[in-house]
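Asks: Here's a sequence, model it:
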Amino acid sequence: MAGIFWPRIAADPLVVGQVPRGFYVVIIHQHCQDIAWLSGQNIQFGTGIKFNHVLTGPNHGGIKKSLFLLSGKLFQDNGEQFFMHLEDFQQHIEPTIVDRGFEYFFDDLVNGPESNSKGRWTATVYGTDRYRVQIQTDPENDGEIIGWKCGCPYDHGPICKHVVAVLFKMDNKLEIEPDSSDESKEGSPKGEIRNIFEKTSREDLQKFIQDCIASDDQFENRFIAYFADRLEEDTERRYRKTIHHCAKAAEMEFGFIDASASSNLIVSLQDLNQEANELFDAGEYEDSMTICKVLIEEVGSIYQNIHDFDLEAAYVISTAFDLLHKISKKASPELKGPLFDWCLKEFPKPVYNDIDPCVDFLTLLPHLISSSEQEQRFFAMLDQQIKAVKANDWWSDFQEVRLIKAKLIYFQNQNRMQEVRDLLHEHIRFPEFREQMVERALDQKAFQEAKQLCQKGIEIAEQQNHFGVVYRWQDQLFQIARLENDIPEMRKWAEKLFFDRFLNMDWYRALKATYSKQEWPEKCEQIIDRIKGANQRGRYNDAYALAQIFKEEGYTDRLLKLLQLNARDLTFVDDFAGILKNTYPEELLDMYEQGITEQANQTGRKNYRQLAGWLRKMKKIKGGDEKAYELYERLLQEYSNRPAMKEELRRVFRE
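Replies: Purely as a prediction, here's the structure:
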């Protein structure tokens with residue numbers, strides 16, 4: 001997927017699961033929703049955490065653990081890869097995208113797909129432009145979807161309508177032609193090409209290729225890239241030439257590489273990554289290292305020209321660094337020395353600025369130092385870079401921390417702990433290093449020292465208006481109070497964090513855990529009154545927090561009253577309907593009817609689909625079938641001039 005890495009956003013994300021190094025699932029509170037979920041961008045938060053597209057987003061500030069996309073593959077929030085199947089792929093995709101994809105399939109706008117023996121399906125979809133789609137399935141089971149790519153610029157989610165259209169076509173093709181994946185099938189494009197090769201002379205093929213080269217610059221570059229190994233015996237020059245001509249073949253006007261072309265380019269780059277890994281496994285460390293270095297340099301030089309700074313291009317670089325880390329542990333000193341020199345030379349180059357933090361020189365370099373001379377050169381480079389970012393970079397704090405961390409890593413690797421402590425004290429103004437000092441104090445049971453460090457951290461963060469950092473220190477103070485079993489302090493910080501952190505229920509539960517069953521009801525009412533406010537009329541977010549509390553405490557009668565007061569917002573009602581549908585079915589149906597009636601005034605197919613969804617919910621409640629049908633007939637009569645509404649609502653009662 002394409003997207004832009006933004007340097008800094010005021011947010012306090014929670015890391016849930018880790019996948020390939022450098023990429024994380026991030027859960028974000030409601031106040032960041034407009035920035036993250038709705039922008040459709042990949043966003044980087046303060047310390048190098050990245051947000052990636054998810055299939056489902058937050059709901060009223062609530063948190064959902066979601067599937068997310070990385071390098072054309074789906075992962076779960078525990079870091080394990082997730083596989084969709086042709087028979088149920090619609091269940092994992094936003095209904096709007098499913099409907100649009102089905103329309104493309106139904107209108108016969110999909111050419112293909114064709115497949116090979118490795119489970120890769122390719123197709124062309126015709127829309128506002130022509131887009132090439134690739135679907136990767138399990139070679140042993142065409143129904144299991146492993147990953148996908150599309151050349152379109154869509155970046156508001158992990159899957160576009162073109163991919164969905166091809167999935168529908170694949171499902172249909174496999175149903176009516178179980179052996180359709182046979183690439184040798186007579187009449188298929190691959191079969192016809194094979195026949196042409198068999199019936200055409202070598203001279204005619206050469207003439208055709210020469211004519212194509214003369215008339216098509218992109219074909220010329222693809223041809224040279226493919227056969228670069230025939231032109232160059234030197235390993236480095238051969239791989240450099242391959243990448244250079246692959247990039248040239250993908251270039252459009254002014255050197256720009258659009259979404260469609262970047263998709264094909266990434267495939268070639270990933271093939272080189274795979275070759276480097278195979279060389280490493282075979283013990284050919286020098287050649288493997290050469291490919292990694294060339295990939296990092298060449299992709300870095302063209303990165304700004306790739307559509308939306310393609311995430312997968314950055315992932316190619318990150319993967320190359322992963323392999324260099326592995327090589328550094330296996331290689332001889334004769335190889336590690338040149339690798340150290342190369343890293344020291346490459347790191348300061350401006351071409352890598354836009355791909356941080358995938359460019360991983362700073363964590364690789366400390367593992368390559370084997371002499372005092374190299375250590376001096378390493379420290380001199382770091383000091384020079386720190387001076388430069390302080391003078392020129394508005395994002396200097398983040399960059400400075402990264403540079404200092406490289407020194408810390410080196411000292412820790414060398415077990416030079418006094419220098420580690422000195423460096424932490426010298427840079428204690430940075431939260432990252434203050435946290436390490438707090439951890440050291442806690443390891444030594446020096447709780448008072450740890451609390452003083454946190455309190456000073458709060459003062460500094462408040463002066464700088466870094467409220468996310470303030471909350472981190474307050475959280476730490478709560479954890480220290482728990483270690484000391486200091487109940488008053490635990491209550492103090494849990495309550496403060498509950499109200500300051502958007503009424504997060506985790507802090508509500510932490511506060512509740514410090515009270516006995518007899519004590520809690522009185523405290524609970526105090527919290528409820530504080531949320532309502534003096535005039536007993538809270539904001540929308542306050543109503544949602546109250547609903548969560550009523551759910552938590554089993555106050556179903558109070559929850560019903562709250563929902564009735566907010567019945568115009570069916571999304572709010574629906575979030576808590578499951579708790580009430582057995583106890584208060586009639587009241588719940590009345591709320592659905594009221595909300596649907598009011599929302600029916602709005603136009604647009606998206607709105608009509610939502611109305612249909614609410615009607616389906618009504619049908620699942622006791623006595624809801626009849627009431628939903630009566631409402632459906634009334635809407636059809638009242639809005640008889642809305643054919644799209646009729647179409648969507650009629651589907652509910654055809655199911």
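Asks: contacts, neighbours, all on C-alpha from now
Replies: Fine.
Asks: ok, L477 to F447 distance?
Replies: 10 Å (Cα to Cα, to the nearest Å).
Asks: For the two, indicate the residue with more neighbours.
Replies: It is L477, of L477 and F447, that has more neighbours when counted by other Cα atoms under 10 Å, with 24 against 18.
Asks: wouldn't that one be in contact with L453 here?
Replies: No - no contact is recorded between L477 and L453 when judged using Cα atoms under 8 Å, the distance being 9.9 Å.
Asks: what do these two both touch?
Replies: Between them, L477 and L453 share no neighbouring residue, with contact defined by Cα atoms under 8 Å, 6 or more residues apart in numbering.
Asks: Run a quick neighbour tally on P139.
Replies: Here the number of neighbours of P139 (other Cα under 10 Å) works out to 15.
Asks: wouldn't it be in contact with I145 here?
Replies: No - P139 is beyond contact range of I145, at 10.0 Å (criterion: Cα under 8 Å).
Asks: need the helices for the stretch 351-500 of the chain, in chain order.
Replies: When secondary structure is read from DSSP state H, counting those that start in this stretch, the stretch 351-500 of the chain shows helices at 361-364, 372-392, 396-413, 417-426, 431-443, 447-463, 467-484, 487-500.
Asks: Now these in CSV, please, with extra columns for distance to S263 and mean pLDDT.
Replies: Formatted as CSV, the entries for the helices of the stretch 351-500 of the chain read as follows, by distance: least, Cα to Cα, whole Å; pLDDT from 0 to 100:
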stretch, distance to S263, mean pLDDT
helix 361-364, 26, 92
helix 372-392, 34, 91
helix 396-413, 31, 90
helix 417-426, 44, 96
helix 431-443, 37, 95
helix 447-463, 43, 96
helix 467-484, 37, 96
helix 487-500, 44, 96
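Asks: got the ones you listed as CSV, with distance to T290 columns?
Replies: Shown next, in CSV, are the helices of the stretch 351-500 of the chain (distance: least, Cα to Cα, whole Å):
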stretch, distance to T290
helix 361-364, 16
helix 372-392, 21
helix 396-413, 24
helix 417-426, 34
helix 431-443, 35
helix 447-463, 45
helix 467-484, 42
helix 487-500, 51
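Asks: So what's the gap between stretch 584-599 and the chain middle?
Replies: Here the centre of mass of C-alpha atoms in stretch 584-599, compared against the chain's by Cα atoms, centre = their mean, to the nearest Å, lies 37 Å away.
Asks: List the buried residues in that stretch.
Replies: Using 16 or more other Cα atoms under 10 Å as the test for burial, stretch 584-599 gives 584-597, 599.
Asks: before we move on, what about stretch 405-412?
Replies: Within stretch 405-412, the residues that qualify as buried by neighbour count (16+ other Cα under 10 Å) are K405, A406, K407, L408, I409, Y410, F411.
Asks: A513: which of those is nearest?
Replies: Compare each of the buried residues of stretch 405-412 with A513 using Cα to Cα and the shortest gap goes to K405, at 37.8 Å.
Asks: re earlier: inside helices: which ones of the buried residues of stretch 584-599?
Replies: Judged by DSSP state H, those include 585-597, 599 as members of helices.
Asks: Let's have the residues you listed in a markdown table, adding distance to Y608 and pLDDT.
Replies: Compiled in a markdown table, these are given as follows (distance: Cα to Cα, whole Å; pLDDT from 0 to 100):
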| residue | distance to Y608 | pLDDT |
| --- | --- | --- |
| P585 | 24 | 95 |
| E586 | 24 | 95 |
| E587 | 24 | 96 |
| L588 | 21 | 96 |
| L589 | 19 | 96 |
| D590 | 19 | 95 |
| M591 | 18 | 95 |
| Y592 | 15 | 95 |
| E593 | 15 | 94 |
| Q594 | 16 | 93 |
| G595 | 13 | 92 |
| I596 | 10 | 94 |
| T597 | 12 | 93 |
| Q599 | 9 | 92 |
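Asks: Output stretch 340-358 as CSV, nothing but the C-alphas.
Replies: Output in CSV follows, covering the C-alpha atoms of stretch 340-358 (Å, rounded to 0.1, in the frame of the first residue of the first chain):
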residue,chain,number,x,y,z
PHE,A,340,31.6,-0.8,8.6
ASP,A,341,33.3,1.7,6.2
TRP,A,342,30.3,1.5,3.9
CYS,A,343,27.8,2.2,6.7
LEU,A,344,29.8,5.1,8.0
LYS,A,345,29.9,6.6,4.4
GLU,A,346,26.3,6.0,3.6
PHE,A,347,24.5,7.0,6.8
PRO,A,348,24.9,10.8,6.5
LYS,A,349,23.6,10.9,2.9
PRO,A,350,20.3,13.0,2.6
VAL,A,351,18.7,10.4,0.3
TYR,A,352,17.9,8.2,3.3
ASN,A,353,16.1,11.0,5.3
ASP,A,354,12.6,10.2,3.8
ILE,A,355,12.8,6.4,4.6
ASP,A,356,13.7,6.7,8.3
PRO,A,357,13.6,4.6,10.4
CYS,A,358,13.7,1.7,7.9
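Asks: Tell me which helix or strand I135 sits in.
Replies: I135 is part of strand 130-138, with elements assigned from DSSP states H and E.
Asks: Next, the buried residues of the helix or strand that comes right after that strand.
Replies: Going down the chain from strand 130-138, the next helix or strand is strand 141-150, by DSSP H and E. Going by neighbour count (16+ other Cα under 10 Å), the buried part of strand 141-150 is D142, G143, E144, I145, I146, G147, W148, K149, C150.
Asks: For strand 141-150, what is the distance to the chain centroid?
Replies: On the basis of Cα atoms, centre = their mean, the separation between the geometric centre of strand 141-150 and that of its chain is 19 Å.
Asks: What mean pLDDT does the helix or strand just after it get?
Replies: Once the chain leaves strand 141-150, the next helix or strand it forms, by DSSP H and E, is helix 161-176. Here helix 161-176 scores 81 as its mean pLDDT.
Asks: For the buried residues of strand 141-150, give me CSV that also has pLDDT and distance to C160.
Replies: Rendered in CSV, the data for those read as follows (pLDDT from 0 to 100; distance: Cα to Cα, whole Å):
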residue, pLDDT, distance to C160
D142, 63, 20
G143, 71, 19
E144, 80, 18
I145, 83, 15
I146, 77, 16
G147, 78, 13
W148, 82, 10
K149, 80, 9
C150, 82, 8
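Asks: Quick check: of the residues you listed, which lies closest to D129?
Replies: Set against D129, the nearest of those by Cα to Cα is C150 (12.2 Å).
Asks: how near is that closest one to H85?
Replies: When Cα to Cα is the yardstick, C150 and H85 sit 18 Å from each other.
Asks: And for G147?
Replies: G147 is 11 Å from H85, where distance means Cα to Cα.
Asks: L511 too?
Replies: Using Cα to Cα, L511 is found at 44 Å from H85.
Asks: V110 contacts G101, correct?
Replies: No - in terms of Cα under 8 Å, V110 does not count as a neighbour of G101; the distance is 10.1 Å.
Asks: Quick check: neighbours shared by these two?
Replies: Common neighbours of V110 and G101 (criterion: Cα under 8 Å, 6+ apart): A165, V166.
Asks: that older thread, more neighbours: which of L511 and H85?
Replies: Between L511 and H85, counting by other Cα under 10 Å, L511 is the more crowded of the two (23 against 18).
Asks: Spit out the contact partners of that one.
Replies: So L511 contacts M490, R491, A494, E495 (Cα under 8 Å, 6+ apart).
Asks: Report the buried members of those.
Replies: So, of the contacts of L511, M490, R491, A494, E495 end up buried under the neighbour-count rule (16+ other Cα under 10 Å).
Asks: That concludes my questions; thank you for your assistance.
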